[in-house]
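# From the sequence below, what's the structure:
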Amino acid sequence: MCVYQWPPPGLSLQKQNGSNDSCILLLCSLEALNPELVNFTWIREGQGSLYSSTSYDMNSSLDLCKPDWSDGDTIICHANYSNSQTQTRIRLASHMLLTKIVGGRIAWTGSSSLRMCECRSVSQDEHIDNMYLKWVTNHLLFFTLIYLPHTDAESIRAVKGETVRLSCHSLPDDSVQVSVEWINSATSKTICKWKFDKKSESYTAMQCIPHVTFNRTSLSIENVQFSHSGIYSCKTTRLIPPPSVDNISNVKLQVEAPPGLSLQKQNGSNDSCILLLCSLEALNPELVNFTWIREGQGSLYSSTSYDMNSSLDLCKPDWSDGDTIICHANYSNNTTQTHIILTSDSESEYGSDKVLRRKYSAMLLTYEFAHGLF
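Sure thing, here's the model as predicted:
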């Protein structure tokens, strides 16, 4: 039985009429496909990339004139679209009417693409079994990479509302052009994908959901929410040079509630002094800058430390009844503040970003209690 190994379905490579006898015009076409963005890469076998183009035309042409080509050159056309890629090739000859034996295979070169036929004795059942085994292997690999728990995943914590950056693995040193795809493993949906050319530091075929940006292979999510928590998979595919090589790494994102800022009055050194304590809670220790402000008058004091709190001691005449003191905390890329209104009888109004206020008045409670008795 003779098993014919034709070029991948739908991709054809043909020689067109060149401008003169020393020139050859090649046309690579992707057929039987709804129009979409396709990246074509032309490669001279053994020497590297010749030319790349990206368009919705579903075809790409290459014009070569001597001395840029010679008899026996093998030209490869590589097409990348959606999540698929395919390629075909042609061997050049002066009259394009040669038949050559290539590595035990019969290679015809003419006005159409190179076709190879390798003959061996196989049964029909063996051929079908091999195809089925390949199909099962590919699907098992996909489920293993996407659905099984990712014990090797890097863990990243972020506060709700922040912009978080997810890092992908490093690209192989020999990569010239790669495709990058980030997938939300919980939904198996692509959230961003693009192609990156290392030489030109340029991007093509970008498709990302809103509030998502990228840089080289890393991904940034703006204004993260609790629903963004989960495992994300980064898949890179080396497109140039061929053959294609896939790499996958995983990142676990945990979105947490923003830390709370509290402002409390402590016991001062005497009746004319007030000691205030501002604390940032529910946050892993990190460098925090606290700024104390008297509303309407400007900054009173600043401190920077890993203690997650700051204190302010005020003695008269540096404060008076009705003064509003604001504690402002700045950490990472976030800021928050709260405030307190000072009174002589240690009864103060408290506020926060939500401008929630509480006032405790012993006199009012005494009056209401007395009124209830009569």
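# Can you tell me the element the residue nearest in space to the middle of the chain falls in?
In the chain, the centroid-proximal residue (Cα atoms, centre = their mean) is Leu219; its distance is 2.2 Å. If you go by DSSP states H and E, Leu219 is part of strand 218-221.
# Okay, now the sheet partners of that strand, with direction.
Paired strands of strand 218-221, with direction, are strand 164-166 (antiparallel), strand 212-215 (antiparallel) (DSSP bridges).
# Pull that strand out as PDB, backbone CA atoms only.
Output in PDB follows, covering the C-alpha atoms of strand 218-221 (Å, rounded to 0.1, in the frame of the first residue of the first chain):
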ATOM      1  CA  SER A 218       3.500  39.100  30.200                       C
ATOM      2  CA  LEU A 219      -0.100  40.000  30.900                       C
ATOM      3  CA  SER A 220      -1.600  42.900  32.900                       C
ATOM      4  CA  ILE A 221      -5.200  43.000  34.200                       C
END
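# From the contact counts, what lies against whatever helix or strand comes next after it?
With elements assigned by DSSP H and E, the helix or strand that comes after strand 218-221 is strand 230-240. Strand 230-240 sits against strand 38-44, strand 48-55, strand 74-81, strand 177-184, strand 245-256, with contacts defined as 3 or more Cβ pairs under 8 Å, 6 or more residues apart in numbering; DSSP states H and E. In short, each C-beta sits where N, CA and C put it, glycine included.
# Do a quick rundown of the helices in the stretch 1-150 of the chain.
Taking DSSP state H, counting those that start in this stretch, the helices of the stretch 1-150 of the chain run over residues 124-146.
# And for the stretch 251-374 of the chain?
362-373.
# which residues of it score low on pLDDT?
268-269, 282-283, 345-374 (pLDDT under 70).
# Now with 90, please.
For the stretch 251-374 of the chain, the stretches with pLDDT under 90 are 254-262, 264-274, 279-287, 296-301, 303-308, 314-322, 330-337, 341-374.
# show me where it has strands.
260-266, 273-281, 288-294, 298-305, 309-315, 324-331, 334-341, 349-351 (DSSP state E, counting those that start in this stretch).
# between these, which one is nearest to Cys77?
For Cys77, the closest of the strands of the stretch 251-374 of the chain is strand 334-341, at 50.9 Å, according to Cβ to Cβ.
# so what strands line up beside that closest one?
Each strand paired with strand 334-341, and its direction, by DSSP bridges: strand 324-331 (antiparallel), strand 349-351 (antiparallel).
# Keeping just the C-alphas, turn that strand into CSV.
What follows is strand 334-341, C-alpha atoms only, in CSV (Å, rounded to 0.1, in the frame of the first residue of the first chain):
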residue,chain,number,x,y,z
ASN,A,334,-2.6,52.4,46.5
THR,A,335,-3.7,55.2,48.7
THR,A,336,-6.4,55.4,51.4
GLN,A,337,-7.3,57.8,54.2
THR,A,338,-9.5,58.3,57.2
HIS,A,339,-10.1,61.3,59.6
ILE,A,340,-11.1,62.2,63.1
ILE,A,341,-12.7,65.4,64.5
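# Alright, calling it a day.
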